[in-house]
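**Q** My questions concern the predicted model and sequence given below.
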Amino acid sequence: SSIKMADGEGWVDVAHAAELAHPGSRKHVQVQERFISVIRGPRGGLHCLDSVCYHMGGPLTIGPIEEVDGAECVKCPWHDYPVRLADGAKPYKAMDFENGKLVPKGWALSQHRQRTHEVRELPDGRVQVRLSSHRRVDRYDESAEYESDQWAYNANAAGNVQRHGMQAGADGKQPGRQPGRRL
C-alpha cells in the first residue's frame with residue numbers, strides 16, 4: 001500500500017490505531033523512502049524511530065521492549081544494545097577510574113544514536129508520522145546528524161525488519177513456526 005501525504009505540514013498516514021492497539025505492537029513502513037517503525041510502548045504511548053539500528057544495521061525495531069533505568073527501550077536483537085523509544089538515546093552503565101580501579105558511575109546516555117520522528121494518533125484512529133529529517137546520507141558519511149541516518153534508506157538492512165512485519169514476535173520469529181522448518 002502506498003503512503004500518502006496527509007496534509008501540507010508533512011504529516012503522513014502510516015497506520016490505523018487498531019493495528020497498534022496493544023502494548024508492543026509495531027508497524028514497519030517506508031515514508032518518503034526512509035524505513036521507520038511505529039511502536040506502541042508498554043505504557044501505551046506511540047513512538048516512531050528509524051527501523052534499522054545505528055550500530056551495525058541490525059533489525060532494531062523487531063527487538064524486545066524492556067525498561068532500562070526507568071525508560072522504555074527496544075533492544076537490538078543483534079548486539080543487545082538498548083535504545084530509548086522516546087528519544088533514540090542509548091543508555092549505558094558509565095564507569096570512572098578511582099585509585100586506579102574502574103568504579104561504576106551510574107547510568108549515562110549516548111545521544112544522537114537512533115533518530116526518532118513525531119507520531120500522533122488522531123480521533124478518527126489514523127496514526128500519522130512526520131519525519132524529523134529528509135536528508136539522505138551515505139553509509140560512511142561522517143556528517144550524519146544521527147548514526148541511524150546512515151542506515152535509514154538502506155533497503156538491504158531494512159529487509160531484516162520489513163520481512164517480519166506485524167506478525168512477528170519480539171524475537172523476529174513467526175508465531176507457530178517450528179525451528180528449522182521452512183514455510
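**A** Happy to help now that I have it.
**Q** ok, residue 109 - contacts?
**A** Listed by C-beta atoms under 8 Å, 6 or more residues apart in numbering, the contact set of residue 109 reads 84, 89-92. The way it works is simple: take the backbone N, C-alpha and C, and place the C-beta from them, glycine included.
**Q** now swap in residue 104 and tell me
**A** Residue 104 touches 93-95, counting by C-beta under 8 Å, 6+ apart.
**Q** need the next SSE after the helix or strand where it lies, C-terminal direction.
**A** With elements taken from DSSP states H and E, the one containing residue 104 is strand 101-110. Note on strand 101-110: by DSSP H and E, the next helix or strand toward the C-terminus is strand 116-121.
**Q** on that earlier part again, just the ones of the contacts of residue 109 in strands?
**A** Residues of the contacts of residue 109 located in strands (DSSP state E): 84, 90-92.
**Q** follow-up on the earlier one: is it possible to mark the buried ones in the contacts of residue 104?
**A** In the contacts of residue 104, burial by neighbour count holds for no member, counting by 16 or more other C-beta atoms under 10 Å.
**Q** What does the residue nearest to residue 141 when sequence neighbours are not counted show for phi and psi?
**A** Using C-beta to C-beta, 6 or more residues apart in numbering and skipping the chain neighbours, the partner closest in space to residue 141 is residue 150 (6.4 Å). As for residue 150, its main-chain torsions (degrees, to the nearest 10) stand at phi -70, psi -20.
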